[in-house]
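Enquirer: sequence unavailable; structure follows:
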């Protein structure tokens with residue numbers, strides 16, 4: 001049994017957990033349709049975050065634009081508002097050539113746009129099937145929602161516009177929030193229920209790929225934005241690395257890996273069995289398989305970190 005197959009038991013294992021504890025189908029249904037974080041959970045998180053210093057990390061990508069008072073802007077990148085044209089210089093992007101002016105004058109000119117002077121944050125929250133698993137205090141999906149709350153709180157304290165996209169079976173995007181209610185509005189989105197797929201269904205079948213969503217948001221976010229990815233990144237590959245490398249030229253990308261302890265090392269429980277979501281086959285685990293799993297997991301997470309580091313994205317790991 002491969003490492004991927006061992007990992008793939010996650011959602012079905014949690015379903016079995018409910019059955020073993022006497023939850024009826026209707027009782028289990030009620031639970032899984034509840035918000036992933038209750039109003040009390042969100043309030044407790046907000047109270048916890050109040051104890052943090054109201055300091056947010058500065059975007060290191062500087063802009064040449066000046067703000068009122070001759071202060072140097074923290075932010076970077078060209079905006080959408082046309083400012084002027086100047087003679088074309090070698091190295092200028094062809095897509096920024098002012099073709100109409102060139103037709104009139106016979107000389108090439110490059111369009112210049114006003115630089116963004118207000119940073120914005122965008123949280124991409126992964127709530128797909130593989131995130132609906134946890135063996136400690138909470139699910140990976142719940143921990144990811146809590147981390148989204150952390151960034152929402154920091155943005156609210158700093159007066160930074162923030163929005164969130166939630167990736168389940170489909171991708172849904174919120175409007176931009178700004179002001180004193182940013183945290184609560186982001187948490188309304190981040191706390192929505194995660195509805196599991198059918199029992200026995202593979203955890204990644206028919207779901208939207210992370211790469212497709214990254215490609216989509218790359219055309220929506222203005223230069224200088226901060227893109228925050230919260231996921232277990234189970235479908236990251238070399239294409240992801242290429243997309244992130246391209247994004248890093250105009251955005252600041254933070255990737256937060258959310259994972260469970262059992263994805264690093266299986267519990268050392270005598271007679272433990274896993275049931276595959278691919279073929280429903282039961283696997284009896286022995287010591288050799290547990291060691292193989294631990295070694296494969298180390299290699300897997302190392303390769304995952306290398307994808308992000310190679311694209312110059314900031315990479316963090318958070319357990320459930």
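Expert: Looks like it came in fine. Quick caveat: nothing in here was measured; it's all calculated off a predicted structure.
Enquirer: so the spatially most central residue of the chain, which of the three states?
Expert: Centroid check for the chain by CA atoms, centre = their mean gives residue 229 as the closest residue, at 2.3 Å. Assigned with DSSP: H, G, I helix; E, B strand; the rest coil, residue 229 falls in the strand class.
Enquirer: what segments of the stretch 201-320 of the chain are helices?
Expert: Residue ranges of the helices in the stretch 201-320 of the chain, as given by DSSP state H, counting those that start in this stretch, are 210-218, 238-247, 287-310.
Enquirer: nearest to residue 135, of the ones you listed?
Expert: helix 287-310 (14.0 Å; CB to CB). All C-beta spots, glycine's among them, are computed from the backbone N, C-alpha and C.
Enquirer: got the buried residues for the closest one?
Expert: 289-290, 292-293, 297, 300-301, 304-305, 307-308 (16 or more other CB atoms under 10 Å).
Enquirer: want to try CSV for the residues you listed, with pLDDT and distance to residue 101 as columns?
Expert: CSV is the format used below for the buried residues of helix 287-310 (pLDDT from 0 to 100; distance: CB to CB, whole Å):
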residue, pLDDT, distance to residue 101
289, 83, 68
290, 84, 68
292, 88, 65
293, 86, 63
297, 91, 58
300, 92, 53
301, 93, 53
304, 91, 48
305, 92, 47
307, 90, 43
308, 92, 41
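Enquirer: which of the residues you listed sits closest to residue 49?
Expert: residue 308 (25.5 Å).
Enquirer: so what's that closest one up against?
Expert: 241, 244, 255, 314-315 (CB atoms under 8 Å, 6 or more residues apart in numbering).
Enquirer: repeat that with 10 Å
Expert: 229, 233, 236, 240-241, 244, 253-255, 257, 314-316 (CB atoms under 10 Å, 6 or more residues apart in numbering).
Enquirer: swap in residue 100?
Expert: By CB under 10 Å, 6+ apart, the residues touching residue 100 are 85, 109.
Enquirer: which one of the contacts of residue 308 has the most neighbours?
Expert: Neighbour counts for the contacts of residue 308, by other CB atoms under 10 Å, peak at residue 229, which reaches 27 neighbours.
Enquirer: quick one: pLDDT of that residue?
Expert: Note for residue 229: predicted pLDDT of 97.
Enquirer: ok, now how distant is the nearest residue to it once chain neighbours are set aside from residue 42?
Expert: Nearest residue to residue 229, sequence neighbours excluded (CB to CB, 6 or more residues apart in numbering): residue 255, at 4.6 Å. Residue 255 sits at a distance of 24 Å from residue 42 (criterion: CB to CB, to the nearest Å).
Enquirer: over to residue 319?
Expert: From residue 319 to residue 42 the distance is 21 Å (CB to CB).
Enquirer: who has more neighbours, these two?
Expert: It is residue 42, of residue 319 and residue 42, that has more neighbours when counted by other CB under 10 Å, with 20 against 15.
Enquirer: which phi and psi does the more buried one have?
Expert: phi -70, psi -40 (degrees, to the nearest 10).
Enquirer: just the endpoints, please. Distance across stretch 84-96?
Expert: This stretch, stretch 84-96, spans 11 Å end to end (CA to CA, to the nearest Å).
Enquirer: could you do stretch 215-229 as well?
Expert: OK, stretch 215-229 end separation, CA to CA: 13 Å.
Enquirer: give the buried residues for that stretch.
Expert: For stretch 215-229, by 16+ other CB under 10 Å, it's 217, 221-229.
Enquirer: so how far is residue 273 from the spatially closest residue to residue 268 that is not a sequence neighbour?
Expert: With sequence-adjacent residues excluded and distances taken as CB to CB, 6+ apart, residue 268 is closest to residue 290, at 6.7 Å. Note on residue 290: its distance to residue 273, by CB to CB, is 13 Å.
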